[in-house]
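# Here is a sequence with its predicted model. Questions after.
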Amino acid sequence: MITPGKEIRLAMLGMIEGNGHPYSWSAIINGYDPVEMAKCPYAAIPAYLGRQPLDSVRIPGARVTHLWTDNPAEAEAVSRASLIEHIVTRPEDVIGQVDAVIISTDDGDNHVTRARPFVEAGLPVFVDKPMATNVPDLQQFVCWHREGKVILSTSGMRYAPEMRQAEAMLPDLGELRWITSFTCKTWERYGIHALEAIYPLLGPGFTSVRTMHQAGSDVVHLTHGGGAQVTLGAIHDAYGSFGAVHLYGTKGQLALRLSDTYPAFRGQLVAFIEMLRTGARPVAFEQTVELMTILIAGIQSREKGGAEVLLADVLA
């Protein structure tokens, strides 16, 4: 837990192709330079930042002070756009300089390697989604958690206001029978967005996964102990349909659509920073383990030609 009143120093570590979080997350925490941010190679980022009043883009009491990118040539542009003072030549150089680190890459097969130096140094770590997409790495994160290490990993979709409005409307829908949720890109990289958007509505208790695969897409069917069925679509090139969710109940139905990623990302980062201040987790680690188990079960089902995979068997 961070000393009350002390500004929290964060390191933003890692940037891989297709993921601009070092730009966007650092800007949400630090504020940003609009002229430099306009040069960001991810056009959506200056667009959604620009819809906010400039002086409102900031999370008081925390600051990204250190930055490392996989390609050193990209670090200067990120630091200028998102007002980061220090660029380091090795990620480990931030140990002793910051209070916590953010692993800002979305490759779930590489997060144990990236997080290990900081977990072992006792620093709290936020890991971009998905935390782990293979069994050995998930078991390593579970081991670290049991040792008392502080690790948080979520999708911003958990915090999207458009998704959370459904919770107040559930009584009008009756008992949920079927939920559909959609993402672009691959199941491994973005399936967690479709899944975590709806997970808070049902809570823990998923039982099985079956993946129907064809080139460029995975459609994944989940069963839940509460009786609701869930279908998640991950179609690689369908960017225009990202964030579409539909709830079907015994008394009504509700269509949801993510319209602005800024409040989702901000809510996600505020939750991590509040955890650093208070020591209270915003999400039970066991929920993150179940979410990762579902992702891994989806991969295993695809590898088995669409056979049903029981969640209980994945970590057995």
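Received, thanks.
# CA atoms for contacts and neighbours, from now on please.
Will do.
# Could you export stretch 35-52 as CSV, CA atoms only?
What follows is stretch 35-52, C-alpha atoms only, in CSV (Å, rounded to 0.1, in the frame of the first residue of the first chain):
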residue,chain,number,x,y,z
VAL,A,35,0.5,18.4,-31.0
GLU,A,36,2.8,15.4,-30.2
MET,A,37,-0.2,13.0,-29.7
ALA,A,38,-1.5,13.9,-33.2
LYS,A,39,1.6,12.0,-34.5
CYS,A,40,0.5,8.8,-32.7
PRO,A,41,0.4,6.0,-35.2
TYR,A,42,-2.9,4.7,-33.7
ALA,A,43,-5.4,7.3,-35.0
ALA,A,44,-8.1,6.2,-32.6
ILE,A,45,-6.1,7.4,-29.6
PRO,A,46,-5.8,11.1,-30.3
ALA,A,47,-9.4,10.9,-31.5
TYR,A,48,-10.9,9.7,-28.2
LEU,A,49,-8.5,11.7,-26.1
GLY,A,50,-9.5,14.8,-28.1
ARG,A,51,-13.2,14.3,-27.2
GLN,A,52,-12.3,15.1,-23.6
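# How far away from the center of its chain is that stretch?
20 Å (Cα atoms, centre = their mean, to the nearest Å).
# So which residues make contact with that stretch?
20, 23-24, 34, 57, 77-78, 80-82, 260-262 (Cα atoms under 8 Å, 6 or more residues apart in numbering).
# These into TSV, with extra columns for neighbour count?
Compiled in TSV, the contacts of stretch 35-52 are given as follows (neighbours: other Cα atoms under 10 Å):
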residue	neighbour count
Gly20	20
Tyr23	27
Ser24	27
Pro34	16
Val57	18
Ala77	16
Val78	28
Arg80	17
Ala81	23
Ser82	25
Asp260	15
Thr261	19
Tyr262	20
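# Go through those and say which is closest to Cys143.
Each of these was scored against Cys143 by Cα to Cα, and Gly20 proved nearest at 29.7 Å.
# Can you tell me how far that closest one is from Arg302?
According to Cα to Cα, to the nearest Å, Gly20 and Arg302 sit 29 Å apart.
# same question, Ala27
38 Å.
# By mean pLDDT, which helix or strand of the protein comes out lowest?
When the helices and strands of the chain are scored by mean pLDDT, DSSP states H and E, helix 161-173 comes last with a mean of 92.
# so what does it touch, helix or strand wise?
In terms of contacts (3 or more Cα pairs under 8 Å, 6 or more residues apart in numbering; DSSP states H and E), helix 161-173 is packed against helix 187-202, strand 253-257.
# just the angle between it and helix 187-202, please?
Angle, helix 161-173 to helix 187-202, by axes from the mean of the first three to the mean of the last three Cα atoms, to 10 degrees: 40 degrees.
# Walk me through which strands the helix or strand following helix 161-173 pairs with, and which way each runs.
Remark: after helix 161-173, the chain's next helix or strand is strand 176-184, criterion DSSP states H and E. Here strand 176-184 has these sheet partners by DSSP bridges: strand 229-235 (parallel), strand 244-249 (antiparallel).
# deepest of these, which one?
Burial of these is given as mean neighbour count (mean count of other Cα atoms under 10 Å); strand 229-235 ranks first at a mean of 23.
# From the rest of the structure, what touches that one?
Counting by Cα under 8 Å, 6+ apart, 177-187, 190-191, 194-195, 216-224 sit against strand 229-235.
# before we move on, what about stretch 287-294?
130-133, 138, 142, 153-154, 192, 195-196, 204, 206, 209, 311, 314-315.
# which of those are buried?
130-133, 138, 142, 153-154, 192, 195-196, 204, 206, 209, 311 (16 or more other Cα atoms under 10 Å).
# What about those, which are in strands?
Among these, DSSP state E puts Phe206, Val209 in strands.
# Let me know the closest of the buried ones among the contacts of stretch 287-294 to Gly5.
Ser153 (25.0 Å).
# Wait, that closest one touches Pro124, no?
No: shown here, Ser153 and Pro124 do not form a contact pair, counting by Cα atoms under 8 Å, at 11.2 Å.
# before we move on, back to that, just send the strands paired with strand 176-184 back as CSV, with distance to Val119 and mean pLDDT too.
Compiled in CSV, these are given as follows (distance: least, Cα to Cα, whole Å; pLDDT from 0 to 100):
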stretch, distance to Val119, mean pLDDT
strand 229-235, 31, 97
strand 244-249, 35, 97
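# quick one: which of those strands is nearest Gly61?
Nearest of the strands paired with strand 176-184 (Cα to Cα): strand 244-249, 33.9 Å.
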